[in-house]
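**Q** what follows is a predicted protein model with its sequence.
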Amino acid sequence: MRVIVVGGGVVGTMHAWQAVERGHEVVQIEREAEARGASLRNFGQIWVSGRAGGEELDTALRARELWEAIGERVPGLGFRAVGSLTPVRNSREYAVAEAAVARADAAARGYKLVTAEEARAINPALRGAFEAALWCERDAAVEPRTAQLHLREALKASGRYTFLPGREVREVVGNGAVRDDHGDVHQGDAVILATGAWLSGLVRELVPDLPVRRVRLQMMQTAPFDEPLTTSVADADSFRYYPAYKSEALDELNAEQAQAPIAAAHKMQLLMVQRLDGGLTIGDTHEYEHPFAFDTLEDPYAHLTEVVESFLGRPLPQIRRRWAGVYAQCTDTTRVVHRQQVADGVWLVTGPGGRGMTCSPAIAETTANELGW
């Protein structure tokens, strides 16, 4: 079988991985020299803790298994089972964490409510003031800026994988066949359009009413931090954003404890992961209204710096990078992904939202199973 994958991001690359693993030949086409979208501009978190129950959690847990297995074979991914801590500072935030630990699926997520002393034993870098923390043992991390590069090198070693950069697929020209902007036709038994937030051009022609929106976020990365940050770190504003934390306690938090004005204006939460080089990746904001701004704003970065420094109990290293990214999210946010046959032999897979890095291995596995690869 020959599979054509359009898109060089993590969702497309994981579809290529699944196809090669099942003995098929793959041609992967990317319009840039390298993927440059949301697959690189993220935290690299394999984020189980905040996922909604049911299909979303099942997908995240399966993806977590797959990431670990792939990481053993591709050490360059930098897979590490770091877990996460969400420090809480008062009784309302504590109540939300307590409700999370009481969920029926809490054990599957690896939830545990720990004291401040226990949290510091897990992550000694957290020297700031907080009362307790929600620990999620199942969370993990990889290196987003280099993951696709290392995955592709492993795929090339199979002898059944070809990567074609700098080509934009312009049209479907037959059953399982597409033409790129060089005029070349790529014929396969199946075509997967994993184009991420690129929803114009061919995608718009094939699905004019696609139920997917684009979301913009701002992030930053510091110079190397001089000690290990042994877990990912979130703040209590993440309770407001992730569906796993829905509860009466969260309703009370939202009603009685307003977000800081900057955080509310930019729909913010803190997420923080340490990179292998020691730098801290920190974010993020959420912007939904089009057209998106072309610049980044300083106020959100100042807010994030203040929150992080309060948890660390010390100043951040110098900020080395600031950036904005855009990802595609199903307008029905309860859906893990939008998967649709859009032409004979052609399937569109997009819209995982902020779950793309986490869930991509399991999303690709499901596509492969449904298509009978």
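**A** Arrived safely, thanks for sending.

**Q** dihedrals phi and psi, the nearest residue to Leu280 once chain neighbours are set aside?
**A** Spatial nearest neighbour of Leu280, excluding adjacent residues (CB to CB, 6 or more residues apart in numbering): Thr222 at 4.5 Å. In this view, the C-beta of every residue, glycine as well, is placed from N, C-alpha and C. Here is the backbone geometry of Thr222 (degrees, to the nearest 10): phi -90, psi 170.

**Q** next one: Thr222 relative to Asp284, how far apart?
**A** For Thr222, the distance to Asp284 (CB to CB, to the nearest Å) stands at 15 Å.

**Q** do the same with Ile122
**A** Separation of Ile122 from Asp284 (CB to CB) stands at 23 Å.

**Q** swap in Tyr245?
**A** Counting by CB to CB - Tyr245 and Asp284 are separated by 17 Å.

**Q** state the mean pLDDT of stretch 130-149.
**A** If you average the pLDDT over stretch 130-149, you get 97.

**Q** and the helices in the stretch 51-200 of the chain?
**A** For the stretch 51-200 of the chain, the helices defined by DSSP state H, counting those that start in this stretch occupy 55-73, 91-101, 106-109, 116-122, 147-156.

**Q** which one of those lies closest to Ala368?
**A** Between Ala368 and those, the shortest separation by CB to CB is 11.7 Å, and it involves helix 55-73.

**Q** one step back: neighbour count winner among Tyr245 and Asp284?
**A** Counted by other CB atoms under 10 Å, Tyr245 and Asp284 do not tie: Asp284 has more neighbours, with 26 against 23.

**Q** isn't Ala190 right up against Leu371?
**A** Yes. Taking CB atoms under 8 Å as the definition, Ala190 is a contact partner of Leu371 at 5.9 Å.

**Q** would you turn the helices of the stretch 51-200 of the chain into TSV with distance to Ala265 and mean neighbour count?
**A** Output for the helices of the stretch 51-200 of the chain, formatted as TSV (distance: least, CB to CB, whole Å; neighbours: other CB atoms under 10 Å):
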stretch	distance to Ala265	mean neighbour count
helix 55-73	28	18
helix 91-101	21	19
helix 106-109	30	17
helix 116-122	29	16
helix 147-156	32	19
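
**Q** closest to Arg240 out of these?
**A** So among the helices of the stretch 51-200 of the chain, helix 91-101 is nearest, using CB to CB, at 9.0 Å.

**Q** using CSV, write out every CA atom in the closest one.
**A** Extracted C-alpha coordinates of helix 91-101, given in CSV (Å, rounded to 0.1, in the frame of the first residue of the first chain):
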residue,chain,number,x,y,z
SER,A,91,-9.2,27.3,49.8
ARG,A,92,-11.2,27.9,46.6
GLU,A,93,-8.3,26.6,44.4
TYR,A,94,-7.7,23.7,46.8
ALA,A,95,-11.4,22.7,46.5
VAL,A,96,-11.1,22.5,42.7
ALA,A,97,-8.0,20.2,43.0
GLU,A,98,-9.8,18.2,45.7
ALA,A,99,-12.8,17.7,43.4
ALA,A,100,-10.4,16.6,40.6
VAL,A,101,-8.9,13.9,42.8
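
**Q** and the helix or strand containing Ile363, how far out from the chain's middle?
**A** Following DSSP states H and E, one finds Ile363 within helix 356-370. Centre-to-centre, helix 356-370 and its host chain are 13 Å apart (CA atoms, centre = their mean, to the nearest Å).

**Q** touching it from outside, list them.
**A** 9-11, 13-15, 17-19, 22, 38-39, 42-48, 51, 59-60, 62-64, 66-67, 70, 142, 144, 192, 196, 327, 336-337, 339, 347, 349, 352 (CB atoms under 8 Å, 6 or more residues apart in numbering).
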